[in-house]
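Participant: Fold the following.
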Amino acid sequence: GGCCDAGGAWRSGRVALWTRSLSSNSSSNQQSSDGLKPSAWGMLGVAAAAAGLLMTNNAIADSQLKEFKAATAPGPSKAVKKEQQAGSAGALPEYSAEEVAKHRTPKDRVWVTYKDGVYDITDFITQHPGGTAKIMLAAGGSVEPFWGLYQQHQKQEIRDILEQYKIGSLKGGAKPSIRQIEDPYKNEPSRHPALLVRSAKPFNAETPAELLVASPVTPVDVFFTRHHLPVPTVDTEIYTVQVGGAGLRSLLLTVPELQQKFKKVELAATIQCAGNRRAEMKAMSAPGGGGHQIKGLDWDAGAISTAVWGGVLLRDVLKSAGLRADDPNVSHIHFYGHDTDESGTQYAASVPVSKALSDQGDVIIAWEMNGQPIPRDHGGPLRVIVPGTTGARSVKWIDRIVASADECQGHWQQKDYKAFSPGTDWDNLDWSSAPAIQEMPVQSAICEPSAGQQISTYDGEVTMKGYAWSGGGKDIIRVDVSVDGGKHWTPAKLQKLPHQKPDRVWAWSLWEATVPLPEGFKGQLELVCKATDQAYNTQPEDTSAVWNIRGLVNNAWHKVPVAVTDE
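Facilitator: Numbering: from 1, shown residues only. Predicted coordinates for the structure are as follows:
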């Protein structure tokens, strides 16, 4: 998983049902000025939106956080405490809900309940991948409302971790919540059933591999989807984006004002989640034989897609607000989305000001995707596209753009989307020791044939298809493929989108190669691909070299096992 920060739970006056398209006169068949033609692949059917639990509106006070940071003697370990409480009888004691509610700070120990169990999680708080503040929201009460919001917790492995901290049971058993719990996912968009769902709440799904290589531009309905929170609903009639911060005069712009005041540009750009291909890392043991577990969604190779985006250059908007490239008080541009967590905090990310203002950066504020208004599931009516970087920086449902002297301090910039040494585990992890991921490394993957597919010896050859992409605008100059695990290599034929500019190649290359099978061979073959970009960066051979506990930026050779038979 991982990605969000953000301010005000769906701002009053802006929160409403999605009622209409962005603009009634937007043309879905418009051809871009650069001659790029968005895909017109027809789509059938939609996936049903699901229902679930919402969190309570429990808020953590600043004094609790200060107390937690100041606590130097958190008390006995969970094992010692459990033993003391169990007594000679060996049975865990019962606690009332009132007793649990008294344990909300490190000084008093932090207790939570799950179903009819009581747990002392004080010793786990600093290890929580979602951060101290989020887990402290449940202090003195049940974790279930929050697990309803962050449903990646609904796994046996997570319940097993919690069980280690059990100190007793809840007297009288679990009670239904007095407050009515509203489902934060009740207004989710419909989705196409072809998407491969990796989590339902929040919704995350990848594009089927065979559809990735069907067209250089991915159809909107099967473009991969990455959410960290419920999809917000906004009223397009009153939608605005605020621009401000250090060195800027404040602007409040509607979508029509952006369209009228600034020159429209169109940009073909690939968006890739930093966790793409995480499943391959999860399938292997930690290097060195450690038992460290990778945490995150089980992405295969489909957390990546390409679209033609239409909008205005961010640099034009920032310059109109008075930002100068040589302003010493600005180092980062922050983006805040309308998607919020249970405390009302907005999803937030930032990019260096050099990327935002550069003539080579091509960061845009977009309202169009493949010639149509951006659908709500992909950030409409307005989102940021930061080409060449991890998708986490291309903030959807953009609310505010802020110039700042500092990098964004939000969770998804500081406590996620960072990769570490293969030797780093959850016990010695220091989030501040690594920079936030921006530009992505060179990447490629095999989309056809699929893993386990049978190849007939009568064909005598195999046709391989896939994609290749590199961050920072670097072009792909070569893709090499192998049918024998990397002993012998064949260059693939590349298919590129037109009108890509030198050092600003933001879209992927599709590739294809037909390679003879080893003569007389039957059995398991390992198909392999690796890409090289214009800076001669080449993918590393083995996943163990880039293994990390978050399972990010896996760009090792992509390997697909197939079976050669005479059938």
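Participant: can you pull the contacts of Gln500?
Facilitator: 268, 475, 506-507 (CB atoms under 8 Å, 6 or more residues apart in numbering). Glycine gets a C-beta too; all of them are placed from N, C-alpha and C.
Participant: Which of these fall in helices?
Facilitator: Using DSSP state H, no member of these sits in helices.
Participant: Closest one of these to Arg198?
Facilitator: Nearest to Arg198, judged by CB to CB, of those is Ala507 at 24.0 Å.
Participant: Please report the number of neighbouring residues for the closest residue to Asp298 other than its chain neighbours.
Facilitator: Of all residues not flanking Asp298 in the chain, Ala279 sits nearest, at 4.7 Å (CB to CB, 6 or more residues apart in numbering). As a burial measure, Ala279 scores 19 neighbours (other CB atoms under 10 Å).
Participant: can you tell me how far Ala279 sits from Gly296?
Facilitator: As judged by CB to CB, to the nearest Å, Ala279 and Gly296 stand 10 Å apart.
Participant: follow-up on the earlier one: tell me the one of the contacts of Gln500 nearest Ser358?
Facilitator: Minimum distance to Ser358 across the contacts of Gln500 is 13.3 Å, recorded for Trp506 (CB to CB).
Participant: ok, back up a step: state the helix or strand in which the residue nearest to Asp298 lies.
Facilitator: Assigned by DSSP states H and E, Ala279 belongs to helix 278-282.
Participant: For that helix, list the C-alpha coordinates in PDB.
Facilitator: Extracted in PDB, the C-alpha atoms of helix 278-282 (Å, rounded to 0.1, in the frame of the first residue of the first chain):
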ATOM      1  CA  ARG A 278       5.700  -5.700  -5.800                       C
ATOM      2  CA  ALA A 279       4.200  -9.200  -5.900                       C
ATOM      3  CA  GLU A 280       7.500 -10.500  -7.300                       C
ATOM      4  CA  MET A 281       9.300  -9.200  -4.200                       C
ATOM      5  CA  LYS A 282       6.700 -10.600  -1.900                       C
END
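Participant: Could you give the average pLDDT over that helix?
Facilitator: For helix 278-282, the mean pLDDT works out to 96.
Participant: After it, heading C-terminal, what element do we hit next?
Facilitator: Next along from helix 278-282, by DSSP H and E: strand 304-313.
Participant: Please name the strands paired to that next one in the sheet, noting orientation.
Facilitator: Each strand paired with strand 304-313, and its direction, by DSSP bridges: strand 264-272 (antiparallel), strand 364-369 (antiparallel).
Participant: tell me the most buried of the ones you listed?
Facilitator: strand 364-369 (a mean of 26; mean count of other CB atoms under 10 Å).
Participant: what pLDDT, on average, does it get?
Facilitator: 98.
Participant: that older thread, quick one: closest of the strands paired with strand 304-313 to Asp120.
Facilitator: strand 264-272 (40.6 Å).
Participant: what sits up against the closest one?
Facilitator: By CB under 8 Å, 6+ apart, strand 264-272 touches 32-34, 36, 217, 224, 303-313, 362, 364, 366, 368, 385, 387-388, 390-391, 394, 440, 443, 469, 497, 499-500, 506-508.
Participant: Check the secondary structure at Ser432 for me.
Facilitator: The three-state label given to Ser432 by DSSP: H, G, I helix; E, B strand; the rest coil is helix.
Participant: which one is it nearest to, not counting chain neighbours?
Facilitator: That would be Gln414: by CB to CB, 6+ apart, it lies 7.7 Å from Ser432.
Participant: Settle this for me: that neighbour is touching Ala434, isn't it.
Facilitator: No. Using CB atoms under 8 Å, Gln414 is not in contact with Ala434; the gap is 10.2 Å.
Participant: quick one: low-confidence ranges for the protein?
Facilitator: 1-90, 148-152, 175-181, 290-291 (pLDDT under 70).
Participant: Please, where are all the helices along it?
Facilitator: Applying DSSP H to the chain gives helices spanning 62-70, 78-86, 97-101, 132-136, 144-149, 156-163, 209-212, 255-261, 278-282, 314-320, 353-357, 411-414.
Participant: out of the ones you listed, nearest to Asp484?
Facilitator: helix 278-282 (19.7 Å).
Participant: Neighbours of Pro129, how many?
Facilitator: 18.
Participant: ugh, wrong one, Gly460
Facilitator: 10.
Participant: tell me the contacts of it?
Facilitator: With CB under 8 Å, 6+ apart, Gly460 has these contacts: 516-517.
Participant: Apply 6 Å and report the result again.
Facilitator: Applying CB atoms under 6 Å, 6 or more residues apart in numbering to Gly460 gives the contacts Leu517.
Participant: again, but for the one 3 residues further on
Facilitator: Neighbouring residues of Thr463 by CB under 6 Å, 6+ apart: Thr514.
Participant: give me that answer again for 8 Å
Facilitator: Taking CB under 8 Å, 6+ apart, one finds 448, 512-515 in contact with Thr463.
Participant: And Asp300, by the same measure?
Facilitator: Contacts for Asp300 (CB under 8 Å, 6+ apart) come out as 196, 206, 209, 277, 279.
Participant: Tell me which two in those residues are the farthest apart.
Facilitator: Within the contacts of Asp300, two members stand farthest from each other by CB to CB: Leu196 and Arg277, at 13.5 Å.
Participant: Please say which of these two ends up with more neighbours.
Facilitator: Remark: of Leu196 and Arg277, Arg277 carries more neighbours, 24 against 16, as counted by other CB under 10 Å.
Participant: Could you report the neighbour count for Ser358?
Facilitator: A count of neighbours around Ser358, defined by other CB under 10 Å, yields 13.
Participant: ok, and the closest non-adjacent residue to it?
Facilitator: Per CB to CB, 6+ apart, closest to Ser358 is Arg315, 7.3 Å.
Participant: I'd say the one you found and Ala356 touch.
Facilitator: Yes. Using CB under 8 Å, Arg315 is in contact with Ala356, at 6.4 Å.
Participant: what's the overlap in contacts for those two?
Facilitator: Common neighbours of Arg315 and Ala356 are listed as Val363 (criterion: CB under 8 Å, 6+ apart).
Participant: more neighbours, those two?
Facilitator: Taking neighbours as other CB under 10 Å, Arg315 and Ala356 compare with Ala356 leading, 25 against 21.
Participant: dump the residue contacts of the more buried one.
Facilitator: 314-315, 318, 333, 363.
Participant: Let's see that with 10 Å instead.
Facilitator: 313-315, 317-318, 323, 325, 330, 332-333, 335, 350, 363, 384, 386, 401, 403 (CB atoms under 10 Å, 6 or more residues apart in numbering).
Participant: Would you mind measuring from it to Ala283?
Facilitator: 38 Å.
Participant: Likewise for Arg376?
Facilitator: Separation of Arg376 from Ala283 (CB to CB) stands at 34 Å.
Participant: Those two - which one has more neighbours?
Facilitator: Arg376 (19 against 10).
Participant: Apart from its neighbours in sequence, what residue is nearest Val100?
Facilitator: Among residues not flanking Val100 along the chain, Trp111 sits closest, at 5.0 Å (CB to CB, 6+ apart).
Participant: how many neighbours does that neighbour have?
Facilitator: The local packing count at Trp111 equals 24, with neighbours defined by other CB under 10 Å.
Participant: Wait, it touches Phe124, no?
Facilitator: No. At 11.8 Å, Trp111 does not count as touching Phe124 under the criterion of CB atoms under 10 Å.
Participant: With that, I have no additional questions.
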